[in-house]
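K.L.:
sequence first, predicted model second:
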Amino acid sequence: MKKINELNNSIPAADLVVRLEKIIVSTATNGSSYLILNLSDKTGRIEARKWTVTEEDKQLLQPNAFVLFKNAAINEFRGVLQLKVNDYTIVSETELASYGLKSSDFFIEAPINIEKNYAELMTILEGLTNETYSKLTIGLIKKYEQEFLTYPAAMTIHHNVKGGLFWHSFTLVKNAMALRPSYSYASIDWELLICGAILHDIGKVIEIVDLTGTDYSLQGKVIGHISIGNTELNKIAEELNLYKDENGNINESLTLLQHMIIASHGKKEYGSPTEPVIIEAIMLSMFDDLDAKVFKINDELNKVEHKTWTPRIISVDGKMFYKHKK
């Protein structure tokens, strides 16, 4: 039995147990249907094609199903490995043990110690001087703690791994803190930037249906994580009696945090309701874009051989990237 990272084009075929992440029914040039299967285990991801499709296949092959593929043919298409599958068996979660496996063996996890880094984050947040930033940020991540620590940051574009949301968010915090000495001359509210980094994607705990990251919720599809996050921040401010200041005005610190969320994509055409108008928001949008692109490009480079090119990456301006480093 092979793991996904053990597959290569020198092996003609292999048996493997995988989790189905996504299934796309497509149409060939002759008009017949075929399936594009996105497969994963703890070691990586690979696409497969099933060219002969029955109605039973469409019923059985569903997201998050565990599947044993027998004698799956290993091909290379445009420099990327791909499987051609025919014979398969659906494996129940209880049956995984008979193959020496468990359900956690089929989820790629963020390559960090989440428990340790979460404790570090809480120490940072508890040490902030702006109590509104601190209380709102801690209150919101505590409200959705389990989801924040386990959900992916997206379905496909970046950090689509278990714990990816926390990994991505905390990376932006670390980036901000690392740059602080270099920009000590600038008028930057570093506490706002840190809290914005944590909260900018908090709406994804509702936008994404569950920690498997196989689909978006209804709210995710019709509202989106930016608007969801802004609403959740408003709600927690009301709950903690921080919506207005002592003079009855809307709390300015709350407003600034809201701006960090709704301007986080940088431009309206990228999905932000408004564009950055404070220095911290432009920094956050750039950190966010950088981290997403580094993850996606690296993910695609890991799928191709040394001195070859990735396929075009839609989320990075449709460009291909050269793998010059082993």
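P.N.:
Structure's in. What do you need? Numbering: from 1, shown residues only.
K.L.:
any idea which element the residue of the chain most remote from its centre lies in?
P.N.:
Residue farthest from the centre of the chain, counting by C-alpha atoms, centre = their mean, is Asn247 at 40.8 Å. Using DSSP states H and E, Asn247 maps to neither a helix nor a strand.
K.L.:
so what pLDDT did it get?
P.N.:
pLDDT, Asn247: 88.
K.L.:
output the strand or helix carrying Gln146 as PDB, nothing but the C-alphas.
P.N.:
Here Gln146, judged by DSSP H and E, is contained in helix 145-150. C-alpha atoms of helix 145-150 as PDB (Å, rounded to 0.1, in the frame of the first residue of the first chain):
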ATOM      1  CA  GLU A 145     -11.600  28.500  19.500                       C
ATOM      2  CA  GLN A 146     -11.900  24.900  18.200                       C
ATOM      3  CA  GLU A 147     -12.700  26.100  14.600                       C
ATOM      4  CA  PHE A 148     -10.000  28.700  14.700                       C
ATOM      5  CA  LEU A 149      -7.400  26.100  15.600                       C
ATOM      6  CA  THR A 150      -8.500  23.300  13.300                       C
END
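K.L.:
what's in contact with it?
P.N.:
Here helix 145-150 makes contact (C-beta atoms under 8 Å, 6 or more residues apart in numbering) with 114, 118, 141, 162-163, 165-166, 169, 202, 205, 211. Bear in mind the C-beta positions are built from the backbone N, C-alpha and C, glycine included.
K.L.:
do you know how far Ile11 is from Asn86?
P.N.:
17 Å (C-beta to C-beta, to the nearest Å).
K.L.:
check contacts around the closest residue to Asp105 other than its chain neighbours.
P.N.:
Nearest-residue entry for Asp105: Lys42, 5.0 Å, with adjacent residues in sequence omitted and distances by C-beta to C-beta, 6 or more residues apart in numbering. Lys42 sits next to 3, 104-109 when contact means C-beta under 8 Å, 6+ apart.
K.L.:
same check, this time on Glu207
P.N.:
216-217, 219-220, 223-225, 228.
K.L.:
which strands and helices sit next to the helix or strand that the helix holding Gln146 is followed by?
P.N.:
Using DSSP H and E, the helix or strand that follows helix 145-150 in sequence is helix 164-179. Contact analysis of helix 164-179 by 3 or more C-beta pairs under 8 Å, 6 or more residues apart in numbering; DSSP states H and E lists helix 114-126, helix 145-150, helix 190-199, helix 279-301 as its packing neighbours.
K.L.:
out of those, which is the most enclosed?
P.N.:
helix 190-199 (a mean of 25; mean count of other C-beta atoms under 10 Å).
K.L.:
mind saving the C-alpha coords of it as PDB?
P.N.:
C-alpha atoms of helix 190-199 as PDB (Å, rounded to 0.1, in the frame of the first residue of the first chain):
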ATOM      1  CA  TRP A 190       1.500  47.600  15.900                       C
ATOM      2  CA  GLU A 191      -1.200  46.300  18.300                       C
ATOM      3  CA  LEU A 192      -3.900  47.100  15.700                       C
ATOM      4  CA  LEU A 193      -1.800  45.300  13.000                       C
ATOM      5  CA  ILE A 194      -1.400  42.200  15.300                       C
ATOM      6  CA  CYS A 195      -5.100  42.000  16.100                       C
ATOM      7  CA  GLY A 196      -6.100  42.700  12.500                       C
ATOM      8  CA  ALA A 197      -3.800  39.800  11.400                       C
ATOM      9  CA  ILE A 198      -5.700  37.500  13.800                       C
ATOM     10  CA  LEU A 199      -9.200  38.700  12.900                       C
END
